[in-house]
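Asker: quick check, what structure comes out for this input:
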Amino acid sequence: METIKRTKIADLLKSTAYGSTVNVKGWVRTRRGSKQVSFIALNDGSTIHNVQIVVDVEKLGEEFLKPVTTGASISVIGTLVQSQGKGQSVEIQATSIEIYGTADPNLYPLQKKGHSLEFLREIAHLRPRTNTFGAVFRIRHNMAFAIHKFFHDKGFFYFHTPIITASDCEGAGQMFQVTTMNLYDLKKDENGSINYDTDFFGKQASLTVSGQLEGELAATALGQIYTFGPTFRAENSNTPRHLAEFWMIEPEVAFNDILDNMDLAEEFIKYCIQWALDHCMDDIKFLNDMFDKELIERLQGVLKEDFVRLPYTEGIKILEKAVLDGQSFEFPVFWGVDLASEHERYLVENHFKRPVILTDYPKEIKAFYMKQNEDGKTVRAMDVLFPKIGEIIGGSERESDYDKLLTRIEEMDIPMKDMWWYLDTRRFGTVPHAGFGLGFERLLLFVTGMANIRDVIPFPRTPKNAEF
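Answerer: Take a look at the predicted model:
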């Protein structure tokens, strides 16, 4: 074959260089036609759209074209022409085709028919080749890029916090352990506790559940930082919104209070959604049409209005009144309860009909590092609640007072040996500071309209599932 530089289909579909010779490469979505002419829909992953290849069967030979079936990969050289058919502006009249790899129609599972998302999870190694997952993963890339751009443009520094951590803080039961020890032959001390002296780090080590504490150290030096990396939770949560391995974005800003924190969270999430609408519209439109007819409307709706700022106590009153008015919830509502997603979604979808930032939670249901309010009962926490998702961001102003923080750590029985370095930030030049965490996959659920978090990450890790 003559050597002509390959053009990506995304670029080709915008071209008006009619009559020029082009080369495209990709995977066959479908081939149909008659004895005289064959139509191949080709996709190379650069866009949701296929390019149509028109083939003169006699010229290339019926036998030669037989292996060009759904899933096969080919290289096509031909002439770019204005399309006669509906739905595309250009097509290619093939002069030659090279077959790279065939896909036996009896074995290749992605034949041209609708597949359930459950079935596609079982073949996660092939599902990126479907229109749906091509769209989802292109959007995933764009959201990651938008996050870095947002923070970079605001003068934040991207800070890498450790994946492996030795803090066996609260919630050690929900951490995955990291070890080089032979699990069949664990050495124990006289109390029956595992002896970690001979282990790689010489102490118990785990996969991180958050980079926040280390992020606070960085903020007290660099001013404003963000982390963006994988985090791990060993909770046995088999729900459509939980993963054991997910990605988290955690900005931390010195000299910010809770109000600055809320402003940053709202500006950040609106920026990401605007980016998706500006740069991923073809993919979003496909997901809107196929899965969630209100997706585009919902994305645009979130941008239109300011988020509601609502103290927890007021939120509880609204929910209690709703119960009196006949609204039924699976979980009870009372002051002091940690809200379930049904409560969060009621406030957002039914009561206010826009996103809500819930603030000033009871200190008992929030983490030790949150700044206490003067009332002694609540802390300067904030959760951003979204339609269809519930909580999408959780954050707070941090407790900057050494004595208050120490008291809280002791009240919650957190081992001091793991916290000395964290407390040092309050001993040496402490400052007011605030931050939050956004679960990347929760953002992607919202932007793609997918209903299950397993469908917005390439290879989901959930209880009893670590395939691929």
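
Asker: contact partners for residue 226?
Answerer: Residues in contact with residue 226 (CB atoms under 8 Å, 6 or more residues apart in numbering) are 147, 151, 156-159, 215, 249-252. Any C-beta I mention is one placed from the backbone N, CA and C, and that applies to glycine too.

Asker: list the ones among those residues that fall in strands.
Answerer: 157-158, 249-252 (DSSP state E).

Asker: out of the contacts of residue 226, who has the most neighbours?
Answerer: The residue in those with the most neighbours, by other CB atoms under 10 Å, is residue 252 (31 neighbours).

Asker: confirm for me that it is in contact with residue 225.
Answerer: Yes. Between residue 252 and residue 225 a contact is recorded at 5.7 Å, counting by CB atoms under 8 Å.

Asker: what's the overlap in contacts for the two?
Answerer: Contact criterion CB under 8 Å, 6+ apart; residues bridging residue 252 and residue 225 by contacting each: 215, 218-219.

Asker: reformat those residues into CSV and put pLDDT next to each item.
Answerer: As requested, the shared contacts of residue 252 and residue 225 are exported to CSV (pLDDT from 0 to 100):
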residue, pLDDT
215, 96
218, 97
219, 98
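
Asker: now, which of these sits nearest residue 333?
Answerer: Nearest to residue 333 among the shared contacts of residue 252 and residue 225 is residue 215, at 33.3 Å by CB to CB.

Asker: for the residue nearest to the closest one when sequence neighbours are not counted, what are its contacts?
Answerer: What sits nearest to residue 215 in space, not counting adjacent residues and going by CB to CB, 6 or more residues apart in numbering, is residue 252, at 4.1 Å. By CB under 8 Å, 6+ apart, the residues touching residue 252 are 212, 215-216, 218-219, 224-227, 433-435.

Asker: tell me the buried residues within those.
Answerer: 212, 215-216, 218-219, 224-227, 433-435 (16 or more other CB atoms under 10 Å).

Asker: please flag which of those residues sit within strands.
Answerer: Filtering these for strands - DSSP E - leaves 224-227, 433-435.

Asker: now, among the residues you listed, which is nearest to residue 371?
Answerer: residue 434 (8.2 Å).

Asker: and that closest one, how far from residue 262?
Answerer: Distance, residue 434 to residue 262, using CB to CB, to the nearest Å: 9 Å.

Asker: ditto for residue 135
Answerer: The value you get for residue 135 to residue 262, if CB to CB is used, is 32 Å.

Asker: report the two of the ones in strands among the contacts of residue 226 separated the most.
Answerer: Of all pairs drawn from those, the widest gap by CB to CB lies between 157 and 249 and measures 13.7 Å.

Asker: for residue 138, helix, strand, or coil?
Answerer: helix (DSSP: H, G, I helix; E, B strand; the rest coil).

Asker: is it true that it touches residue 280?
Answerer: Yes. Residue 138 is in contact with residue 280 according to CB under 8 Å; the separation is 6.6 Å.

Asker: pick out whichever of the two has more residues nearby.
Answerer: Ranked by neighbour count (other CB under 10 Å), residue 138 and residue 280 place residue 280 first, with 23 against 20.

Asker: surely that one touches residue 142?
Answerer: Yes. Judged on CB under 8 Å, residue 280 makes contact with residue 142 at a distance of 5.2 Å.

Asker: one step back: any idea which of the buried ones among the contacts of residue 252 is closest to residue 127?
Answerer: For the buried ones among the contacts of residue 252, the nearest to residue 127 is residue 227 (28.8 Å; CB to CB).

Asker: list the contacts for that closest one?
Answerer: Residues in contact with residue 227 (CB under 8 Å, 6+ apart) are 158-161, 211-212, 214-215, 248-250, 252.

Asker: again, only using 7 Å
Answerer: 159, 161, 211, 215, 250 (CB atoms under 7 Å, 6 or more residues apart in numbering).

Asker: who's it bridged to?
Answerer: Here residue 227 sits in beta bridges with residue 250, as judged by DSSP bridges.

Asker: for residue 436, see how far away it is.
Answerer: Residue 227 is 11 Å from residue 436, by CB to CB.

Asker: cool, residue 248 as well?
Answerer: 10 Å.

Asker: same question, residue 261
Answerer: Distance, residue 261 to residue 436, by CB to CB: 6 Å.

Asker: overlap in contacts, the two.
Answerer: With CB under 7 Å, 6+ apart, residue 261 and residue 436 have common neighbours residue 395.

Asker: more neighbours, these two?
Answerer: Each of residue 261 and residue 436 has its neighbours counted (other CB under 10 Å); residue 261 has more, 27 against 23.

Asker: next up, the contacts around the more buried one.
Answerer: 382, 395, 397, 434-436.

Asker: buried sites along the helix or strand harbouring it?
Answerer: Of the helices and strands defined by DSSP states H and E, residue 261 is found in helix 258-279. Buried residues in helix 258-279, counted by 16+ other CB under 10 Å: 258, 261-262, 264-266, 268-273, 275-276, 279.

Asker: same thing with stretch 451-468?
Answerer: In stretch 451-468, counting by 16+ other CB under 10 Å, buried: 453-457, 460-462.

Asker: now it: average pLDDT?
Answerer: Predicted confidence along stretch 451-468 averages 95 (mean pLDDT).

Asker: now do it: everything it contacts.
Answerer: Residues from elsewhere that reach stretch 451-468 (CB under 7 Å, 6+ apart): 117, 121, 124-125, 128, 136-137, 140, 236, 238, 240-246, 441, 444-445, 448, 450.

Asker: that one spans what distance, first to last residue?
Answerer: By CA to CA, to the nearest Å, the extent of stretch 451-468 from end to end equals 22 Å.

Asker: contacts only, for residue 196.
Answerer: Counting by CB under 7 Å, 6+ apart, residue 196 has contacts 202-204.

Asker: give me that answer again for 6 Å
Answerer: Residue 196 makes contact with 203-204, according to CB atoms under 6 Å, 6 or more residues apart in numbering.

Asker: please apply the same query to the one 3 residues further on.
Answerer: When contacts are counted by CB under 6 Å, 6+ apart, residue 199 is found next to 179, 181.

Asker: helix, strand or coil for it?
Answerer: coil.

Asker: can you check residue 394 too?
Answerer: Residue 394 ends up strand, using three-state DSSP.

Asker: specify the beta-bridge partners of it.
Answerer: With DSSP bridges applied, the residues forming beta bridges to residue 394 are residue 383, residue 437.

Asker: same thing with the one 4 residues further on?
Answerer: In this structure, residue 398 has beta-bridge partners residue 370, where bridges are defined by DSSP bridges.

Asker: farthest residue from the center of this protein?
Answerer: Within the chain, the residue lying farthest from the chain centre (CA atoms, centre = their mean) is residue 58, at 48.8 Å.

Asker: for that one, helix, strand, or coil?
Answerer: Looking at residue 58 with three-state DSSP, the answer is helix.

Asker: per-residue confidence at it?
Answerer: 95.

Asker: could you do residue 93 as well?
Answerer: pLDDT recorded at residue 93 is 97.
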